[in-house]
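Chemist: model the structure of this input:
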Amino acid sequence: MSEIARYQKQFYYTEKTKSVAFRKQQLQTLKNMIEKNEQRIMDSLNQDLNKSEFDSYTHEIGFLYAEINFMIKEVKEWMKPTKVKTPASHFGSKSYIHKEPYGTSLIIAPWNYPFQLALAPVIGAIAAGNTVVLKPSELTPTVSSLLKQMVEEAFDPAFFTVVEGAVKETQELLEQRFDIIFFTGSVPVGKIVMEKAAKHVTPVVLELGGKSPVIVDEDAKLDVAAKRIAWGKYTNAGQTCIAPDYLYVHRNVKPELLSKLKDSIEEMYGKEPMQNDAYTHIVNQKHFSRLSAYLDNGELVHGGQTNPEELIIEPTVLDHISWDDSIMKDEIFGPILPVLTFDSLDEVITQVQTQEKPLALYYFSEDEQKQQKILDQLPFGGGCMNDTLFHVANPHLPFGGVGPSGLGSYHGKASFDAFTHQKSVVHQTTKFDFSFRYPGSKLGLSIVKKLLR
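Modeler: Reported below is the predicted structural model:
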């Protein structure tokens, strides 16, 4: 691992990665690599997670195309030094922010969207002028192997390489001195990454998770709410970091919403979702067992069937859940939706405020004042009013968590910024030199007071 880090450091110091032409060329190479292997990518996603071609293209491949195209179009402008104002005390000088790559980057990817979440941060790293070492998840081995083959065929390993493996290999990579580390995954592992990075005071971007609520108020349009909640929750069998983790619904509309939610699930996945070839499976036996244990919580409203051999859990809704139930203790990360009931919005706000800050929050209401109240009083990484998940697909919106749900953000320009150091520089004139700035000037202090007051 040390040889990989050293090799990439040497390549970075050749200055090749810094030109706009090189960055655009590598981004285009990345796009060409994906286009050439589209079917292999979809096949590997199906092999590891039973993802349909629709889900694979929409949520993994298509997202990357849009991100690459956006970067190629904008990166030249983002790279330019930004001139900023200079105070009167600096008369004769000009001030700029220069956009400098961090250097060598380590990107550790998760298993739930194993292709998209591996390469999305790579796009930002390349656009910002860094070299890349990518560590895919060992829990999706087919995708991991394919990523390695594709990158080896398309890129110089001194610039972009893939390291496969599990915990041992990840630990060895974290011992190396990279210039920035980007990690997507669980909160406990994120803390380990942050601890390892602290050894060298390495900047980190942590994309984590948490219990993201979806709140449905009594004035919400229930047909729309039910469909959008079902889509947001059960996409990828709930194995999405920004999926609604639990539903908070107003007592007055709860029976109707739950009825419409069941209809929406059947409309999307059929009456026998475990027979639906387009329905994603749980990633492995460990996660299947963990999720199956939650099915004993509360009262079953819909779903609940499992197939241990195929690692399938039906889209499930559980009612009569309390904060004391085990399902409310940790992020679910699966197709099980617990339901809580409220009578007033203040009650919801008070309860959610006692929890860790979530990665996402979704609120359904036609009342703009209540929407604003949610925005003002509840901290969260990002989210939607009257929708779920959609904020993640806008390249003009930074995506990231807050507190335990994450550190830093990316997507679009935020990805470029995440892998870029803003170097502040004053360009000073030598045509004259003010004596009052130096010790010994009799008028110095009075002039300085006037300038800085």
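Chemist: all contacts plus neighbour counts: C-alpha atoms, from now on.
Modeler: OK.
Chemist: any stretches of the stretch 1-150 of the chain with poor pLDDT?
Modeler: Within the stretch 1-150 of the chain, the stretches with pLDDT under 70 are 1.
Chemist: could you measure from the closest residue to P273 other than its chain neighbours over to I265?
Modeler: The shortest distance from P273 to any non-neighbouring residue, by C-alpha to C-alpha, 6 or more residues apart in numbering, is to E314 (6.3 Å). Per C-alpha to C-alpha, to the nearest Å, E314 is found 10 Å from I265.
Chemist: which secondary structure element contains L27?
Modeler: Using DSSP states H and E, L27 sits within helix 20-36.
Chemist: angle of the helix or strand just after that helix against helix 20-36?
Modeler: Using DSSP H and E, the helix or strand that follows helix 20-36 in sequence is helix 38-49. Our comparison of helix 38-49 with helix 20-36, counting by axes from the mean of the first three to the mean of the last three C-alpha atoms, to 10 degrees, yields an angle of 70 degrees.
Chemist: tell me the secondary structure for C384?
Modeler: Under the three-state scheme (DSSP: H, G, I helix; E, B strand; the rest coil), C384 adopts strand.
Chemist: and it, how many neighbours does it have?
Modeler: Neighbourhood size, C384 [other C-alpha atoms under 10 Å]: 17.
Chemist: ok, it - contacts?
Modeler: By C-alpha atoms under 8 Å, 6 or more residues apart in numbering, the contact set of C384 is L361, Y362, Y363, F390, H391.
Chemist: swap in 10 Å and give it another go.
Modeler: Going by C-alpha atoms under 10 Å, 6 or more residues apart in numbering, C384 touches V214, A360, L361, Y362, Y363, F364, Q371, F390, H391, V392.
Chemist: buried ones among these?
Modeler: V214, A360, L361, Y362, Y363, F364, Q371, H391, V392 (16 or more other C-alpha atoms under 10 Å).
Chemist: what's the most distant pair in the contacts of C384?
Modeler: Every pair in the contacts of C384 was compared (C-alpha to C-alpha); the two farthest apart turn out to be Q371 and V392, at 19.2 Å.
Chemist: re earlier: so what sits against both of E314 and I265?
Modeler: Joint contacts of E314 and I265 (C-alpha under 10 Å, 6+ apart) are Y234, P273, H302, G303.
Chemist: the second one and I332: what is the separation?
Modeler: Meaning P273. For P273, the distance to I332 - C-alpha to C-alpha - is 20 Å.
Chemist: save the shared contacts of E314 and I265 as CSV, and put in pLDDT too.
Modeler: Below are the shared contacts of E314 and I265 laid out as CSV (pLDDT from 0 to 100):
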residue, pLDDT
Y234, 97
P273, 91
H302, 96
G303, 94
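Chemist: among those, which one lies nearest to T280?
Modeler: For those, the nearest to T280 is Y234 (8.9 Å; C-alpha to C-alpha).
Chemist: coming back round to it: can I get the buried ones among the contacts of C384 in a markdown table including secondary structure and distance to L174?
Modeler: Formatted as a markdown table, the buried ones among the contacts of C384 follow (DSSP: H, G, I helix; E, B strand; the rest coil; distance: C-alpha to C-alpha, whole Å):
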| residue | secondary structure | distance to L174 |
| --- | --- | --- |
| V214 | strand | 36 |
| A360 | strand | 28 |
| L361 | strand | 32 |
| Y362 | strand | 35 |
| Y363 | strand | 38 |
| F364 | strand | 42 |
| Q371 | helix | 42 |
| H391 | helix | 31 |
| V392 | helix | 28 |
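Chemist: which one of these sits closest to Y248?
Modeler: Y248 lies nearest to V214 out of those, by C-alpha to C-alpha, at 6.1 Å.
Chemist: list the contacts for the closest one?
Modeler: Contacts of V214 (C-alpha under 10 Å, 6+ apart): 225, 229, 232-233, 243-249, 339, 360-364, 383-388.
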